[in-house]
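> have a look at this fold, sequence not included:
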């Protein structure tokens, strides 16, 4: 249980750090790529065979390497979207939007893998979309600029769902032969490479400099980001802690703790609509967790 609690704590801490980024004027586009560099380094330290495994995959032109690197691009884009959603709307909305993405791989399994469905699972999927509808409507006090900003929760939901879907596909195709930490570290590497390219592009286009505080903020973020996944994998490896038990509890814990932290640390207000959206998301997680595995 300790690993599960630590994973929940690390995942919730990520949202809190995003909020502090805004308070201390940290540049998301500079900090987040360095967060992924930390994740790569941590992966190589904690799993020493990662370097040789990835090197072998690269030399062989393995499909899993290409897939992982491309998925890394989506990782950093959605991470930036989550950061902005937490900063400009609220931690609660960002967390719910990200966690409800789990509905998309379930739909994929139903329509394309011909996995069995039932009333509980269908209800959970419907509620996941309902929760996004409830939390995506902005409170009048939020003054976001641009069409994309107004749909940030939907973007985070869709992007997180596509990431979860790709991870499900990779699990089916590769994980029987490839170590999990090889794939995860390669994804982090792809996110760092694409994020670095984004930094240089913005430096050239907007005449920006790479600021030390942004790099340090990224390093700070990378530690809980890596361990949120590391502790989750450790929890899944414990006797009696299978996916059906761990994943719903993990997602529910992250939503609840993130909401509590947002109220305690940042005095975020929960409108009746947002409260209903959070409650709907929790019920959705339970239903999908029980009947979707």
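Looks like it came in fine. Given the structure is predicted, the values throughout are model-derived calculations rather than measurements. Numbering: from 1, shown residues only.
> any low-confidence regions in the protein?
Scanning the chain for pLDDT under 70 picks out 137-150, 241-245, 292-293.
> most remote residue from it's center?
residue 207 (30.2 Å; Cα atoms, centre = their mean).
> how about stretch 282-293: buried residues?
For stretch 282-293, the neighbour count (16 or more other Cβ atoms under 10 Å) marks 282-289, 291-292 as buried. All C-beta spots, glycine's among them, are computed from the backbone N, C-alpha and C.
> list phi and psi for the residue farthest from the centre of the chain.
With angles defined as degrees, to the nearest 10, residue 207 sits at phi 60, psi 40.
> any idea how far it is from residue 60?
Residue 207 sits 42 Å away from residue 60, going by Cβ to Cβ, to the nearest Å.
> also residue 210?
Taken as Cβ to Cβ, the span from residue 210 to residue 60 is 35 Å.
> who's more crowded, these two?
Neighbour totals were compared for residue 210 and residue 60, and residue 210 leads with 13 against 10 (other Cβ atoms under 10 Å).
> could you find the closest non-adjacent residue to the more buried one?
Among residues not flanking residue 210 along the chain, residue 30 sits closest, at 6.3 Å (Cβ to Cβ, 6 or more residues apart in numbering).
> what is the helix or strand where residue 30 lies packed up against?
Per DSSP states H and E, residue 30 falls inside helix 28-46. Contact partners of helix 28-46 among helices and strands, from 3 or more Cβ pairs under 8 Å, 6 or more residues apart in numbering; DSSP states H and E: helix 50-59, helix 63-88, helix 180-206, helix 212-236.
> now that helix: buried residues?
28-44.
> check stretch 44-62 too.
44, 47, 50, 53-54, 57, 62.
> chain center to the helix or strand where residue 7 lies: distance?
If you go by DSSP H and E, residue 7 is part of helix 2-23. Computed by Cα atoms, centre = their mean, to the nearest Å, the chain-centroid distance of helix 2-23 equals 11 Å.
> same question for stretch 16-29.
The answer for stretch 16-29 is 17 Å, by Cα atoms, centre = their mean.
> report the buried residues of that stretch.
By neighbour count on 16+ other Cβ under 10 Å, the buried set for stretch 16-29 is 16-21, 26-29.
> can I get these in JSON lines including distance to residue 94?
Converted to JSON lines, those look like this (distance: Cβ to Cβ, whole Å):
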{"residue": "16", "distance to residue 94": "11"}
{"residue": "17", "distance to residue 94": "12"}
{"residue": "18", "distance to residue 94": "7"}
{"residue": "19", "distance to residue 94": "9"}
{"residue": "20", "distance to residue 94": "14"}
{"residue": "21", "distance to residue 94": "12"}
{"residue": "26", "distance to residue 94": "16"}
{"residue": "27", "distance to residue 94": "18"}
{"residue": "28", "distance to residue 94": "13"}
{"residue": "29", "distance to residue 94": "17"}
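> so residue 238 sits against residue 3, correct?
Yes. If you go by Cβ atoms under 8 Å, residue 238 and residue 3 touch, sitting 6.6 Å apart.
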